[in-house]
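Participant: Following is a predicted model, sequence given first.
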Amino acid sequence: MEINENKRAPYWKQIIFILTAGWIVIWIYRTVLTPIYPIISDYFGGATDAQLGNISSFYFLGYVSMQIPSGLLVDRFGKKKIMIPGFLLFGIGTLFVASASSLSLVFIGSVLAGLGCGTYYGVAYSLTTEYVPAEKKSLATAIVNSGTAVGSGLGLVSSSFLVGEGVLPWQYLLLATVVLIVVMVTVFAKFIRPERKEVKKATTQETTKEKSGSSIKDLFKLPMIAAYVLYFSTLYTYYLIDTWLPNFLETERGFQGTAIGLASSLVFFTAIPGALFFSRIADKIPNKKTTIIIILEILAAGMLFFTITTSNQMLLVFGIMAYGFFGKLAVEPIIISWLGQFAPKKSIATTYGVFNFFGMSASVIVPSVTGFISDATGTKVYAFYLAIGIILAGTLVFYLINKFSQAKAANAVVNNSN
């Protein structure tokens, strides 16, 4: 019995593997329909771009609305008790979409799937915060986040090939996703440990009030507000690419068939080495995380601008790969680990829930806004320009707030010494 325990990987490594697999399944669902929007449109009698964008917007509406509640629930009842019901609801929503006979039913199923997936973020990053050694947190987060890249690539390629080439109906891929969801629920039930039993009784009523009041205040310290703004701008760009890049490549840049999914998936696959590389650097020089974050955001904006302004397909593919290397999946683990130093220790899941709520608000807006811009102007290029402006503005706000908070802290030290 002891020999088996010694051979088993440390629990924090098991956690990383399980959470990565969970993100793979979530992101297969998120991307599996985007390359085949024209097919979905035909199936439902000619849906507009704005209506197709609403499929993702309704999913993310459910997802975002669960961020803060799920964080509070996780901190109160434990990770496992929230994670498993959440994934089950995700499966029900996916099944609902697969069997939908109208767009209205697709929207309802999307909301249910989003609500279920909305429980995952706070659980995932509170688990890594709790169990992963401090010197490996950025790298561990990057590995977990690589599940989003793998899932996105699998969703895009399988959909563009199997459905785009007429091998399978689009509903079959969603049914396959339901099977994967059931597998993950089984894994969660077997491997995620029950919450550690801790006595959390306040000694006095005054202590309880003080703790609740300070926890709310701690969620909105200046550096955390900077992170919320930056994360919103980062995800606005990312979810524009996630939901509309395949359609943009097909309708405005001449890509066809499987090439659409392959080209789009490069964003996610090149993100994996970028995330691992920059996360290792951030772990080695933790005092430079803010600088690394700002540089990556500016490079990502520049690569996106290059991508949409070139008419050469080879250069466009290079731009997609470069954005993936420097973009959201590369910078996100560093932002998350940077944020961890400011998070209240007794409400970590709530902190990440609030953080993700502000960031993922962009995912609710961008699919429909992009569809609206496309319908109004006949092109999605202007939507990409808007995203570039937002990411640069968010980076500037992040820089200025950090400069201000650092100056404020320095002044406080000087005053105390006097």
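Facilitator: Nice, thanks for sending it over. Just so it is clear, the structure is predicted and the values come from calculations on it, not from any experiment. Numbering: from 1, shown residues only.
Participant: residue ranges with poor pLDDT in the stretch 101-250 of the chain?
Facilitator: Low-confidence segments of the stretch 101-250 of the chain, defined by pLDDT under 70, span residues 195-215.
Participant: Which parts of it are helices?
Facilitator: Secondary structure of the stretch 101-250 of the chain, counting by DSSP state H, counting those that start in this stretch: helices at 103-117, 120-131, 137-158, 170-191, 205-218, 222-252.
Participant: Which parts of the stretch 301-418 of the chain are helices?
Facilitator: 313-326, 328-340, 348-377, 381-417.
Participant: Make TSV out of the ones you listed and add distance to S233.
Facilitator: (C-beta placed from N, C-alpha, C; glycine too.) TSV is the format used below for these (distance: least, C-beta to C-beta, whole Å):
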stretch	distance to S233
helix 313-326	15
helix 328-340	10
helix 348-377	7
helix 381-417	3
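Participant: Deepest in the core, which of the ones you listed is it.
Facilitator: For the helices of the stretch 301-418 of the chain, average neighbour numbers computed from mean count of other C-beta atoms under 10 Å are highest in helix 328-340, which has a mean of 25.
Participant: mind checking how far that helix is from the chain centre?
Facilitator: 11 Å (C-alpha atoms, centre = their mean, to the nearest Å).
Participant: related to what we said a few turns ago, among the helices of the stretch 301-418 of the chain, which is nearest S138?
Facilitator: Distances from S138 to each of the helices of the stretch 301-418 of the chain were compared by C-beta to C-beta, and the smallest falls on helix 328-340, at 4.3 Å.
Participant: And the closest one, what does it pack against?
Facilitator: In terms of contacts (3 or more C-beta pairs under 8 Å, 6 or more residues apart in numbering; DSSP states H and E), helix 328-340 is packed against helix 137-158, helix 222-252, helix 271-284, helix 289-309, helix 348-377.
Participant: Report the angle between that helix and helix 120-131.
Facilitator: Relative orientation of helix 328-340 and helix 120-131, computed by axes from the mean of the first three to the mean of the last three C-alpha atoms, to 10 degrees: 60 degrees.
Participant: Quick check: I335 touching T290?
Facilitator: No - checked against C-beta atoms under 8 Å, the pair I335 and T290 is beyond contact range at 9.8 Å.
Participant: so S152 sits right up against R30, yeah?
Facilitator: Yes - counting by C-beta under 8 Å, S152 sits close enough to R30 to count as a contact (7.2 Å).
Participant: joint contacts of those two?
Facilitator: D242 (C-beta atoms under 8 Å, 6 or more residues apart in numbering).
Participant: Now do stretch 54-65: everything it contacts.
Facilitator: For stretch 54-65, the surrounding residues in contact (C-beta under 8 Å, 6+ apart) are 30, 33-34, 40, 93, 103, 106-108, 110-118, 239, 242-243, 357, 360-361, 363-365, 367-368, 371.
Participant: can you do 7 Å?
Facilitator: Here stretch 54-65 makes contact (C-beta atoms under 7 Å, 6 or more residues apart in numbering) with 33, 106-107, 110-115, 117-118, 243, 357, 360-361, 363-364, 367-368.
Participant: One more: stretch 279-292?
Facilitator: For stretch 279-292, the external contacting residues (C-beta under 7 Å, 6+ apart) are E135, K136, S138, L139, T141, A142, F278, P333, I334, S337, W338, N402.
Participant: mind running it again at 8 Å?
Facilitator: 135-139, 141-142, 278, 330-331, 333-334, 337-338, 402.
Participant: Can you give me the end-to-end span of that stretch?
Facilitator: Separation of the first and last residues of stretch 279-292 by C-alpha to C-alpha, to the nearest Å is 10 Å.
Participant: Same question for it: list its buried residues.
Facilitator: Neighbour-count burial for stretch 279-292, counted by 16 or more other C-beta atoms under 10 Å, picks out S279, A282, D283, P286, K289, T290, I292.
Participant: so where's the stretch 301-418 of the chain uncertain?
Facilitator: For the stretch 301-418 of the chain, the stretches flagged by pLDDT under 70 are 345-346, 412-418.
Participant: Ok, which of the helices of the stretch 301-418 of the chain comes nearest I216?
Facilitator: Judged by C-beta to C-beta, the one of the helices of the stretch 301-418 of the chain that comes nearest to I216 is helix 348-377, at 9.6 Å.
Participant: tally of neighbours for A9?
Facilitator: By the other C-beta atoms under 10 Å criterion, the neighbourhood of A9 contains 10 residues.
Participant: and it, what pLDDT?
Facilitator: Predicted confidence (pLDDT) for A9: 77.
Participant: With T258 instead?
Facilitator: So, for T258, pLDDT stands at 76.
Participant: again with the one 4 residues further on
Facilitator: Per-residue confidence at L262 stands at 82 (pLDDT).
Participant: who's in contact with the one helix or strand it maps to?
Facilitator: Under the assignment given by DSSP states H and E, the secondary-structure element containing L262 is helix 258-269. Residues from elsewhere that reach helix 258-269, judged by C-beta under 8 Å, 6+ apart: 34-35, 148-150, 152-153, 156-161, 164-165, 241, 245-246, 249-250, 255, 316-317, 320-321, 323-324, 327, 329.
Participant: centre of the chain versus stretch 242-258, how much separation?
Facilitator: Using C-alpha atoms, centre = their mean, the distance between the centre of stretch 242-258 and that of its chain works out at 22 Å.
Participant: Just put the helices and strands packed on helix 328-340 in TSV and tack on distance to Q51.
Facilitator: Formatted as TSV, those follow (distance: least, C-beta to C-beta, whole Å):
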stretch	distance to Q51
helix 137-158	21
helix 222-252	13
helix 271-284	29
helix 289-309	24
helix 348-377	7
